[in-house]
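S.K.: for reference, the sequence and a predicted model appear below.
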Amino acid sequence: MKGRVVLAILIFLGLAQAQEVITLQAWTIGPEEASRTRATNLVAAAEELNKALVAEKAPYRVKVETSFETTNWDNYHRRLLLAFQSNKAPDIVQSAHVDVGTYADGGYLAPLDNYINEYAQFKNVIPTLWNAVTYKGKRWGIPQDTEARPLYFNKTLLAKLGWSQAQIDALPQQIRDGKFTWQDLIKVGQEAVQKGVVKPGYAYWHRPVNGADFFEYYYACGGSLQDSQNGKLVFSKAASLCAYQLLADLVKANLTSKNLLGMSWDNWHNAVSSGEVLFASAGTWTWAQWATQYYPKDHGGYDYLWKNFGFALQPAIKPGGKPVTLSQPQAYMIWSGSKHADLAARLLAMVTQASFDEKHALQSAHLPVLRTTYALPEIKSNEFLQDVAYLLDFTTFQPMSPGWGQYGDSFFRGISAVESGQLSPQDAVGFVAQELSQKLKGDLEVQ
Amino acid sequence: MGLNRRVWPWWAVLLGLLSLPIVAGYLWLVLSSLSNQMHGLLPTGGWKLQNWRFLWESVGGRPSIWGALSNTLIFAFGVAALEVLISAMTAYAISRLRFPGRGIYLGMILVLHSFPAVSLLIAIFYILRLLGLFDTLIGVILVKAALDIPLGIWVLKGFFDGLSWDMEMAALTDGASRWVIFWRIALPLVRPGLLALGTFALLSAWGEFILPYTLIISNKTWTLSLYLQSLIGAVDLTDYGLLAAVGLFYLLPVVVLFLLGQRYLLDIYGGGSKG
């Protein structure tokens, strides 16, 4: 009898303890280490969500298993696509907003409009960012962060060239007003090479591998990438020629090394951040990368950067033209096959809070996505985030279209051919136009 | 034929010199796994054990190395066991039994072996997905073993061919079944071949990268080669100390295995037993 009572008590206790734990999988990517908060914020948000679940006396708790990719985007996309295809995708996926088009068309994403209307947190998201995740009239992602891509200039090297402090300080405004253009940059760069301030080929560097940055030249040349009416991708021959010509000029004038493309990021970052390069196009997040990992890490960190580097928009092509930058917001998406989509959406609402947004912005030098975050004292007092905020007024996005990946690859092949001297800018435009027409057929307008 | 005692030291010196680049590679690996920073082959900035922190903690949110190690062990031993078992049975059948189409079958096995795994990856993905084995260790084990078995069959066939018929004939007249002969008589005689093939399969699976890289997507089923690859970031500065330490950790079991199994490995090239 006694044994039975004990058994009954044990069973009762066991039942009381048995709480269903729902595990949500989330895949995230930096690839830079500084953006790890994309994963850790989800885990922290799950803790908050569990507190709420306790208060509601819900019969379940949530657990988030995250993976954070630090290798590269290709690797991540490959894994993701295989996972989608084999029905083994994680509940939550973080990726760039441009991927929304491809993934939504593939049927891999759940539309989020109902959830977005349900949770109040989402109302604080900066409205334009919703455009970046809207495809075919539905919203498929929750903005996670955004950024801008400045032109960094080395103040110490400019001073060596004979620039006064006032001239250096005025440069960002000059670029913003369209008074300092690419033509001026080439002149300054040539002078720096001639005077031996930098080595030949070290006056201006763009990124060393394929990526969105290259469309900054195209946009500065007045090109558009998508027809807003019918959603078709657009290839402007005139804008491409202007962009390719600029890159050819940079190589010809010895500002940019012929061998820049293909360099490893490690070497790129170390050379630029240690002061070997005069101008370099990079991202706002690069600031944090430099301070925490590369040459500046052991030479004063952020203080070193403030002393040696300034940042501005990417210049206009001609005087009076429009300077530009480009943003690629990141977004959390929910897999269409997720068994716990409701819970995943609730978790995303939890993570879309100023405290998490702030933590990520401060740690990774990406820009916050919530209006409420910009009002927080730490963000207000963060000089860098405040100083780059105006870049967003000049920003451009990449189009969302399933053919975008191919478009970007072809455009980059043209750049690579021009910089290596294999093709003239004119021939490269012809080559890319032909390749794109073949690949994208009816989804492309050549102008 | 022995080497002349006076010439021998010179040969040793020459071989030593030729091996120097390889030795330098290993030396670099060992030194940089233990030091703060390397300048060429010289450790600078003092010694540190921090590079080995992956042994007791998770590095940058990666799964534990011990999980990856046990996955790799399961993978390598699984592949080796399957390969040896299936190759031995097939090789014996081909060597000893007369059945229609034997010649063609043998030729086709050779053709199978000539397909590089990479060219089959997409088809393999679809098949594994259909079977529900995508992203599982079992799936990758089956694929790896299947791709390596043709070579195994050819190797072991050579060993079985080298066995004398007499003993099997004697067993047959005593009333032993084919299975008994295979299991009790033939297999023990080709033991060196089995061990050699096993070692070979184990080493090959241990170093396998492209199959797990494509067919495993969740980091719970990571093998050591995937763990190592995850350390080579595209945009961040690679922590070479850590990379070297993990590389060394990945390498050690192979070195041990090689030292234990090199005698058998040589047998693969030497042909069957002469007993």
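M.R.: Noted; the coordinates are in hand. Just so you know, these numbers come straight off a predicted model, no measurement behind them.
S.K.: correct me if wrong: A:P368 contacts A:D145.
M.R.: Yes: using Cβ atoms under 8 Å, A:P368 is in contact with A:D145, at 7.2 Å. (Glycine included, C-beta is placed from N, CA and C.)
S.K.: so what sits against both of these two?
M.R.: For the pair A:P368 and A:D145, residues contacting each of them under the criterion Cβ atoms under 8 Å, 6 or more residues apart in numbering or on different chains are A:D357, A:H360, A:A361.
S.K.: packing partners of the helix or strand harbouring A:F311?
M.R.: Taking DSSP states H and E as the criterion, A:F311 maps to strand A:309-312. Contacts defined by 3 or more Cβ pairs under 8 Å, 6 or more residues apart in numbering or on different chains; DSSP states H and E place strand A:309-312 against strand A:151-154, helix A:165-176.
S.K.: hmm, back to that, which of the shared contacts of A:P368 and A:D145 are buried, as a ChimeraX select command?
M.R.: Applied in ChimeraX, the following selects the buried portion of those according to 16 or more other Cβ atoms under 10 Å in any protein chain shown:
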select /A:357,360,361
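S.K.: wait, isn't A:V446 in contact with A:K237?
M.R.: Yes: here A:V446 lies in contact with A:K237, judged by Cβ under 8 Å, at a distance of 6.7 Å.
S.K.: ok, the strand holding A:F311: who's next to it in the sheet?
M.R.: Sheet partners assigned to strand A:309-312 using DSSP bridges are listed as strand A:151-154 (antiparallel).
S.K.: please see if the particular helix or strand that has A:V43 in it touches chain B.
M.R.: A:V43 belongs to helix A:37-55 when assigned by DSSP H and E. Yes: using Cβ under 8 Å from any Cβ of the partner chain, we find that helix A:37-55 touches chain B at A:A39, A:T40.
S.K.: in that helix, which residues are buried?
M.R.: Result for helix A:37-55 [16+ other Cβ under 10 Å]: buried residues A:T37, A:R38, A:A39, A:T40, A:N41, A:L42, A:A44, A:A45, A:A46, A:L49, A:N50, A:L53.
S.K.: got a list of contacts for that helix?
M.R.: Outside of helix A:37-55, the residues within contact range by Cβ under 8 Å, 6+ apart are A:24, A:26, A:28-30, A:60-64, A:66-68, A:92, A:94, A:144-145, A:330, A:346-347, A:350-351, A:353, A:356, A:359-360, A:363-364, B:61.
S.K.: after it comes which helix or strand?
M.R.: Where DSSP H and E defines the elements, the next helix or strand beyond helix A:37-55 is strand A:60-69.
S.K.: who in the stretch 151-300 of chain A is up against chain B?
M.R.: Proximity of the stretch 151-300 of chain A to chain B is confined to A:V209, A:W265, A:D266, A:H269, A:N270, A:Q289, A:Q293, A:Y294 under the rule Cβ under 8 Å from any Cβ.
S.K.: among the residues you listed, which are located in helices?
M.R.: Judged by DSSP state H, helices contain the following of these: A:W265, A:D266, A:H269, A:N270, A:Q289, A:Q293.
S.K.: in chain B, which spans are strands?
M.R.: If you assign secondary structure with DSSP state E, the strands in chain B sit at B:35-39, B:42-47.
S.K.: ok, now the stretch 151-300 of chain A?
M.R.: Shown for the stretch 151-300 of chain A, the strands assigned by DSSP state E, counting those that start in this stretch span residues A:151-154, A:204-205, A:233-235, A:279-281.
S.K.: out of these, which one sits most buried?
M.R.: Counting by mean count of other Cβ atoms under 10 Å in any protein chain shown, strand A:204-205 has the highest mean neighbour count of these, with a mean of 26.
S.K.: quickly run through the sheet partners of it, with directions.
M.R.: Strand A:204-205 has the following sheet partners, assigned by DSSP bridges: strand A:279-281 (parallel).
S.K.: what's in contact with the partner strand?
M.R.: With contact meaning Cβ under 8 Å, 6+ apart, strand A:279-281 is reached by A:149-154, A:185, A:189, A:203-207, A:213, A:216, A:272, A:314.
S.K.: next one: it to chain centre, how far?
M.R.: Between the centre of strand A:279-281 and the centre of its chain there are 17 Å (Cα atoms, centre = their mean, to the nearest Å).
S.K.: do the same with stretch A:30-39
M.R.: In terms of Cα atoms, centre = their mean, the gap separating the centre of stretch A:30-39 from the centre of its chain is 12 Å.
S.K.: who's the closest spatial neighbour of B:R62, skipping the chain neighbours?
M.R.: Once its chain neighbours are removed from consideration, B:R62 has its nearest residue in B:S230; the separation is 6.2 Å (Cβ to Cβ, 6 or more residues apart in numbering or on different chains).
S.K.: how close does that neighbour get to B:L242?
M.R.: With distances defined as Cβ to Cβ, to the nearest Å, the gap from B:S230 to B:L242 amounts to 11 Å.
S.K.: so where do the helices sit in the stretch 101-250 of chain B?
M.R.: Ranges of helices within the stretch 101-250 of chain B are B:102-113, B:117-131, B:137-161, B:165-173, B:178-180, B:187-189, B:191-206, B:210-215, B:224-230, B:240-270, based on DSSP state H, counting those that start in this stretch.
S.K.: buried ones in the third one, by neighbour count?
M.R.: Just to be clear, that refers to helix B:137-161. Under the neighbour-count criterion of 16+ other Cβ under 10 Å, helix B:137-161 has B:137, B:139-160 buried.
S.K.: surely B:A76 is in contact with B:W206?
M.R.: Yes: under the criterion of Cβ under 8 Å, B:A76 lies in contact with B:W206, with a separation of 4.7 Å.
S.K.: which one of those two has more residues nearby?
M.R.: With other Cβ atoms under 10 Å in any protein chain shown as the criterion, B:A76 and B:W206 differ in neighbour count, and B:A76 comes out ahead with 25 against 22.
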